[in-house]
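Novice: below are the sequence and a predicted model for it; my questions follow.
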Amino acid sequence: MVLHLKFPAEFTSADAIQRALYRIADECSWEVTKDDCIWSITLTAKGDADLGELETSFRQHIVDYGLRERIRNETEQVRALLLAHAFSAVKDQL
């Protein structure tokens, strides 16, 4: 059983796609290509995996990892500042 999906490249990143595929790796194999501005993803179900559930799960993971990536990018400066402050406090104690 095979499922073909397409996503605009502006909708999701390669990182989010890879992470989402990793989450469903026990249920399917895949092939990913990018033509112009479109990600084309072919999922091939393993065993008796349900394609509808597989698609729903994959789409949810794509959104989840895309949002995580956006939050990571938006908070990068704050995280770097907090780490620098924490390490400077440790350095002062040594």
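Specialist: All right, it came through fine.
Novice: how about stretch 4-12: buried residues?
Specialist: 7, 12 (16 or more other Cβ atoms under 10 Å). Yep, even glycine has a C-beta here, placed from its N, CA and C like the rest.
Novice: nearest residue to the middle of this structure?
Specialist: residue 16 (2.1 Å; Cα atoms, centre = their mean).
Novice: confidence score at that one?
Specialist: Residue 16 is assigned 96 on the pLDDT scale.
Novice: repeat for residue 8
Specialist: Per the predicted model, pLDDT is 94 at residue 8.
Novice: wait, what's in contact with it?
Specialist: Going by Cβ atoms under 8 Å, 6 or more residues apart in numbering, residue 8 touches 37-39.
Novice: hang on, the earlier thing: doesn't the residue nearest to the centre of the chain lie inside a helix?
Specialist: Yes: assigned with DSSP: H, G, I helix; E, B strand; the rest coil, residue 16 falls within a helix.
Novice: in this structure, which spans are strands?
Specialist: Under the criterion DSSP state E, strands of the chain are mapped to 2-8, 28-35, 38-45.
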